[in-house]
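Chemist: next input, structure requested:
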Amino acid sequence: MAQFMSLHDAIARYLHDGATVAMEGFTHLIPFAAGHEVIRQKKRHLTLIRMTPDIIYDQLIGAGCADRLIFSWGGNPGVGSLHRLRDAVEQSYPQPLEIFEHSHAAMACAYEAGAAGLPLAVLRGYIGSDLPKVNPQIRFIECPFTGERLAAVPSVRPDVSIIHAQRADRNGNVLVTGIVGVQKEAVLAAQHSIVTVEEIVDDLEAGPNACVIPGWAIDAIAEVKNGAAPSYAYGYYPRNNSFYKEWDGIARDRERFNQWLQENVYNQGGTTK
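Modeler: Okay, the predicted model is just below:
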C-alpha cells in the first residue's frame, strides 16, 4: 500500500545500486525530478529501461549512473541526438554503456507481459529487421498451435518503476491524464514503484475511462510540484521547448554538461523548471 514520503526518502529506500529501473512517461509526465534525485544520491550500475529515453536518461547516463540501457528509441525529441548517451556508447565516457535496442511494439508487449507476471512477451515482429543480429534478447519461437514463427523478448519486470502523475488521493490512488503511455504497466510490472505527483487531493475527480493506478500497486508517493519539467504535465504547465533546444549545446560538451549538472542538479538549481 502506498506510503507518502519525501522524494529523497523514497529513492533512498527503494532504489539501490545495481537495480533495474524503469522511468516512464510519454511526451509529458516524464519524471525529471525523480531522475535528478537518483543522480544526487549517486546511484550506480543501474540498468535503465525506457521506451523513449530522452533528456532525463541523457542526464543519468552522463552522470555515471547507468551500466545498461534497454530501450526502443533514443533522442532529444524534435532536436537530435542524445550526446551523453552517444559519448557513453562510442567513447565509454564516463563509463561503458551496454545497449539493448527493441522496437516500440516489443517494448510495449514486454511491459504488458511483466505486468501479467509472465517471463516473456510474444509478438509478430522483427521480420526483415537487423535488430535480432545485435540484440540477444530477441529470439524466435514456434507457435505450438499453428507452427507460426513468432518473436519473443524477455518481459520487463523492473526492481523499481518511477512515474510522474497529476494527482494522488489520500488513499494513495493515482490519476494519470492526458497522453498515457505504459505508466500503468510499468508500475504493475515492478517489484517496487515510486510515483511523484503535482498535488495530493481529497478526490481524484476521475472521469470515465480514466487511468487510475490503485494505491495497492504503489510503494511510495511524493508530492513534487513541477516534477515533470521541462516536459509538460497536462492541465498544469506546458513543455519548455527552449530547454530541449538548449540541451543540445549543453550535452555536446563534457565540461559544459558537468558544470550544468553541478549547478542544476547537485546544487538543486532549477533551470529545467
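
Chemist: now for Ser92, how many residues are close by?
Modeler: 10 (other C-beta atoms under 10 Å). In this view, the C-beta of every residue, glycine as well, is placed from N, C-alpha and C.

Chemist: pLDDT score for it?
Modeler: On pLDDT, Ser92 comes in at 98.

Chemist: residues contacting it?
Modeler: By C-beta atoms under 8 Å, 6 or more residues apart in numbering, no residues touch Ser92.

Chemist: grab the nearest non-local neighbour of Phe100.
Modeler: Ile70 (4.6 Å; C-beta to C-beta, 6 or more residues apart in numbering).

Chemist: and Trp260, by the same measure?
Modeler: Once flanking residues are discounted, Trp260 sits nearest to Ile250: 5.1 Å by C-beta to C-beta, 6+ apart.

Chemist: contact partners for that neighbour?
Modeler: By C-beta under 8 Å, 6+ apart, the neighbours of Ile250 are 256-257, 260.

Chemist: which of the residues you listed fall within strands?
Modeler: The strands, defined by DSSP state E, take in nothing from those.

Chemist: pipe those into CSV and attach neighbour count and pLDDT per row.
Modeler: Below are the contacts of Ile250 laid out as CSV (neighbours: other C-beta atoms under 10 Å; pLDDT from 0 to 100):
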residue, neighbour count, pLDDT
Arg256, 12, 98
Phe257, 22, 98
Trp260, 20, 98
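
Chemist: element containing the residue nearest to Trp260, please.
Modeler: Assigned by DSSP states H and E, Ile250 belongs to helix 241-252.

Chemist: in that helix, what counts as buried?
Modeler: 243-244, 246-247, 250-251 (16 or more other C-beta atoms under 10 Å).

Chemist: do the same with stretch 66-79
Modeler: 66-67, 69-72, 74, 76, 79.

Chemist: just stretch 44-56 next, same as before
Modeler: Residues of stretch 44-56 classed as buried by neighbour count (16+ other C-beta under 10 Å): 46-56.

Chemist: out of those, give me the two with the largest separation.
Modeler: Thr47 and Ile55 (19.2 Å; C-beta to C-beta).

Chemist: related to what we said a few turns ago, now, which of the buried residues of stretch 66-79 lie within strands?
Modeler: Of the positions in the buried residues of stretch 66-79, 66-67, 69-71 sit in strands, assigned by DSSP E.

Chemist: ok, which stretches of the stretch 51-200 of the chain are strands?
Modeler: Using DSSP state E, counting those that start in this stretch, the strands found in the stretch 51-200 of the chain span residues 66-71, 98-101, 120-123, 139-142, 149-154, 160-169, 174-176, 192-201.

Chemist: hmm, Trp216 is touching Met1, no?
Modeler: Yes: at 5.7 Å, Trp216 counts as touching Met1 under the criterion of C-beta atoms under 8 Å.

Chemist: can you list residues touching both of the two?
Modeler: Common contacts of Trp216 and Met1 (C-beta under 8 Å, 6+ apart): Gly172.

Chemist: picking that back up, report the two of the buried residues of stretch 66-79 separated the most.
Modeler: Asp67 and Val79 (26.1 Å).
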